[in-house]
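Asks: give me a 3D structure for the following:
(chains A and B)
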Amino acid sequence: MNKNIILYGAILIFGIAAPFIFPAFKVQLSILCILIILAITWNVQGGEMGYNTFGNILFYGLGMYLCASVQVGMFFPLGEWTEGGGEKTFVHTPAQFFQGFAVGLAVAAVVPAIIAGLIGYSILGLRGHYFAICTLGLGVAAGEISGGIEIIGAGQGFTTPPFPNVDRLEARGEFFYFCSFIVLVFTFLAVKAIYSTRFKLVLNAIRDNEDKAEAMGIQTMKYKIIGWMISAFFCGLAGGIMGGLVGYIDSTDVAFDGREMGVFMVLMAILGGKGTLWGPVIGATLFHIFKEGFWTFFLGWQYVALGVLIVVIVIYFPEGIMGWLREKYPERFGEVVDEADRKAQVTLK
Amino acid sequence: MDFLIFQVPMLTLQAVLDGLLLGILFALIAYGMALQWGVMNIINIAQGDLVILGGYIAYFMYLYGIHPAWGVIVSPIIMYFVGVIIYKLVINKVVDRDLFISILATFGISILFMQLMNFAFGADVVLANSGYGTTMLFDNSVTLPNSKIFSAFISIVFAIGLVIYMKKSKLGRAIRATAQNARAAKILGVDTEKVYAATFGINAALCGVAGALISITFTIHPYMGLPYTIRSFMIVIVAGLGNLPGVAMSGMGLGVFEEFADYILGTEFRIGSVFLLLVLILVYRRFKLSRKREYLK
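Replies: Alright, predicted model coming up:
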């Protein structure tokens, strides 16, 4: 217990100090926080519940559009803002900007969660690969449809409100870094709290055998919907912050980017280890370092590398880093192992 | 409601005919998907990218002065080997694993293909001009490009040829036996590894034919693969595995739906409506089955 407090304290202090130690990497660090949030939320859905989804990108993109729309729409007519493209006739004062952002984030978190609750009953009745393909379809459809809606910028995109003029130049990076870091801490603690309750056991029961779980008297549909809503809540938050950070929202390339973000979150969770608390965090960190390295040094070949990486991870490393560690040092994970018994085990095919 | 399609009744006929001819092409791709899904229990997200790759083969023949219709012969031969290579490198490691693993692995292949094609062929929308001209029907109010009729005809020829091949040939019987029970087939001396490779190769070859036809009739672009995958997936789940007339019917139905969506909603919502239709179909099936306390398997 004591060791854990020291560990968490160290990470927290590092997180707070990071933008001052590495001032050049503030944007990268903020993106890292967002990626970790997405990986953790995907893990609630895909790792613990066993419902592998490509569709959390839907909530991420929704959060992004909602946050920006609310931030603009609270003070100025939204239609005229998006019609103007890059040329801005309206300028947010600092107070307006922060108020709008706060309200926008709240909306960006709550509305996707409600939408997840509404569509959850229909879609979570699908299982396995049907669920995966259906959510893939949802994500792509959302991108295509939002690309045709005029009021949120249609094909030409949506420029989010520029950061207001305050005296310090560094303020923008620090603001978004701390926003994403606070949300990350909040997400981590919330998920950690959830994982220590009966709720997590129910989710695992659904993953292992849904029919039996139902036969044991668990209302599986209720728990599945709640699980998805939790996922959607944090995905929406992450999307809202990311929209402000990037500064420009495009329907298929930034918001509903199933080819990048939608795959990243699955990949990060699998790389770190599905169904563990720390797995997605480690996976996302490693993945981000790898990705940035590749995006910088092999520009243009990054998708080739990404494709190869997906195939290699999925085929040769499906249990992830935490899964590998667990196999190697089961004692550390609180599993009692009889060595003779373990050696005598024969894998059946 | 002032939609153009209701003001000009002949446009309805145009949309239906276009949709049917397009749907036959979709059905050909879906047939390949149903084949490898049924035999190997793999959902191939890279299906659409194989189609596009096949299209680029025909396009390159066109660039070098050969009539693109010959791509219908050349493209499947090349694509067969591409399919076998993909099988040997990736698919044979995911065959007996969880379906989600295969979805993710083929998603990786799809991203890889997309980008490699983007490098090799550029990001332009291209088409191979066949120079077949058009047929006018009903006092010139309905126009049908001959290339569409040609492509539908070729698709039907290939589909029928494949059905006969699967029924009569030794490999076809081996494939069907493996689909029924891989283990029993193995005991009775069928080299299932070889059968799997051949199945994936045949699937890729079908994609090659379809791609060559698409490059003649429509346009191809490196990133246009995913919609073809989703369409064929949709056709297969509506028709069911191993139901060839069903695949043809639902393929044509989807083609007609798309043409009408194009006219009524506008072209920018065309792909979106296809993906939404997939969601709606899955949800409909789910509610229908849940009355019997069952779910889609």
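Asks: please enumerate the strands of the stretch 101-250 of chain B.
Replies: Residue ranges of the strands in the stretch 101-250 of chain B, as given by DSSP state E, counting those that start in this stretch, are B:134-137, B:142-145.
Asks: ah, wrong one, I meant chain A
Replies: Using DSSP state E, the strands found in chain A span residues A:158-159, A:248-249.
Asks: among those, show the one with the smallest mean pLDDT.
Replies: The minimum mean pLDDT among the strands of chain A belongs to strand A:158-159 (a mean of 78).
Asks: so which elements touch it?
Replies: Helices and strands touching strand A:158-159, by 3 or more Cβ pairs under 8 Å, 6 or more residues apart in numbering or on different chains; DSSP states H and E, are helix A:56-73, strand A:248-249. From N, CA and C alone the C-beta is placed, and that goes for glycine too.
Asks: ok, 10 Å please
Replies: Applying 3 or more Cβ pairs under 10 Å, 6 or more residues apart in numbering or on different chains; DSSP states H and E, we find strand A:158-159 packed against helix A:56-73, helix A:78-83, strand A:248-249.
Asks: which parts of the longest helix seen in chain B count as buried, going by neighbours?
Replies: Among the segments of chain B that qualify as a helix by DSSP state H, the longest is helix B:9-40. Within helix B:9-40, the residues that count as buried by 16 or more other Cβ atoms under 10 Å in any protein chain shown are B:11, B:14-40.
Asks: I'd like the strands of chain A as JSON lines, with mean neighbour count and distance to B:Leu116 appended.
Replies: Listed next are the strands of chain A as JSON lines, based on neighbours: other Cβ atoms under 10 Å in any protein chain shown; distance: least, Cβ to Cβ, whole Å:
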{"stretch": "strand A:158-159", "mean neighbour count": "22", "distance to B:Leu116": "32"}
{"stretch": "strand A:248-249", "mean neighbour count": "20", "distance to B:Leu116": "28"}
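Asks: mind putting the ones you listed in CSV, distance to A:Ser196 included?
Replies: CSV is the format used below for the strands of chain A (distance: least, Cβ to Cβ, whole Å):
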stretch, distance to A:Ser196
strand A:158-159, 40
strand A:248-249, 37
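Asks: was I right to think A:Leu62 contacts A:Ala255?
Replies: Yes - assessed by Cβ atoms under 10 Å, A:Leu62 is found in contact with A:Ala255 at 8.1 Å.
Asks: can you report how many residues lie near B:Glu193?
Replies: Neighbourhood size, B:Glu193 [other Cβ atoms under 10 Å in any protein chain shown]: 13.
Asks: swap in A:Ala255?
Replies: Going by other Cβ under 10 Å, the residues that sit close to A:Ala255 add up to 29.
Asks: excluding chain neighbours, give the residue nearest to it in space.
Replies: In space, and not counting its chain neighbours, A:Ala255 is closest to A:Gly61: 3.6 Å by Cβ to Cβ, 6 or more residues apart in numbering or on different chains.
Asks: tell me how many other residues crowd the one you found.
Replies: Burial of A:Gly61 is recorded as 30 neighbouring residues (other Cβ under 10 Å).
Asks: would you agree it is in contact with A:Pro112?
Replies: Yes - the pair A:Gly61 / A:Pro112 is scored as a contact, 9.2 Å apart, by Cβ under 10 Å.
Asks: what do those two both touch?
Replies: Counting by Cβ atoms under 10 Å, 6 or more residues apart in numbering or on different chains, the contacts common to A:Gly61 and A:Pro112 are A:235-236, A:239.
Asks: show me which of these is closest to chain B.
Replies: Taking Cβ to the nearest Cβ as the measure, chain B lies nearest A:Cys235 of the shared contacts of A:Gly61 and A:Pro112, at 18.3 Å.
Asks: residues in contact with the residue lying closest to that closest one once chain neighbours are set aside?
Replies: The shortest distance from A:Cys235 to any residue other than its chain neighbours is 3.9 Å, reached at A:Phe59 (Cβ to Cβ, 6+ apart). A:Phe59 makes contacts with A:38, A:41, A:108-109, A:111-113, A:115-116, A:139, A:142, A:228-229, A:231-239, as judged by Cβ under 10 Å, 6+ apart.
Asks: and for B:Asp18?
Replies: When contacts are counted by Cβ under 10 Å, 6+ apart, B:Asp18 touches B:142-145, B:148, B:255-256, B:258-260, B:262-263.
Asks: of those, which pair is most distant in space?
Replies: Spatial extent of the contacts of B:Asp18 (Cβ to Cβ) is set by the pair B:Pro145 and B:Phe260 at 19.1 Å.
Asks: what separation do you get for the nearest residue to A:Pro94 once chain neighbours are set aside and A:Gln156?
Replies: Nearest non-adjacent residue to A:Pro94, counting by Cβ to Cβ, 6+ apart: A:Pro164, 4.1 Å away. A:Pro164 sits 24 Å away from A:Gln156, taking Cβ to Cβ, to the nearest Å as the criterion.
Asks: the residue nearest to A:Ala255: what's it in contact with?
Replies: Listed by Cβ under 10 Å, 6+ apart, the contact set of A:Gly61 reads A:112, A:139, A:142-143, A:146, A:235-236, A:239, A:242-243, A:249, A:251-252, A:254-258, A:261-262.
Asks: tell me the spacing between it and A:Ala141.
Replies: Distance, A:Gly61 to A:Ala141, using Cβ to Cβ: 11 Å.
Asks: before we move on, what about B:Val95?
Replies: 30 Å.
Asks: residues touching residue 258, list them.
Replies: Because you didn't say which chain, this covers chain A. Contact partners of A:Gly258, counting by Cβ under 10 Å, 6+ apart, are A:54-55, A:57-58, A:61, A:135-140, A:142-143, A:252, B:107, B:226.
Asks: could you do chain B instead?
Replies: Counting by Cβ under 10 Å, 6+ apart, B:Glu258 makes contact with B:15, B:18-19, B:22-23, B:26, B:227, B:231, B:270-271, B:273-274, B:277.
Asks: of the residues you listed, which pair is most distant in space?
Replies: Farthest-apart pair in these is B:Ala15 and B:Pro227; separation 18.6 Å (Cβ to Cβ).
Asks: what is the least confident helix or strand in chain A?
Replies: When the helices and strands of chain A are compared on mean pLDDT, DSSP states H and E, helix A:339-344 comes out lowest with a mean of 67.
Asks: pLDDT at the most centrally placed residue in chain A, what is it?
Replies: The centroid of chain A falls nearest to A:Leu38 when counting by Cα atoms, centre = their mean (1.3 Å). We note a pLDDT of 90 for A:Leu38 in this prediction.
Asks: does it really touch A:Gly236, like I thought?
Replies: No - between A:Leu38 and A:Gly236 there is no contact under Cβ under 10 Å: 11.1 Å.
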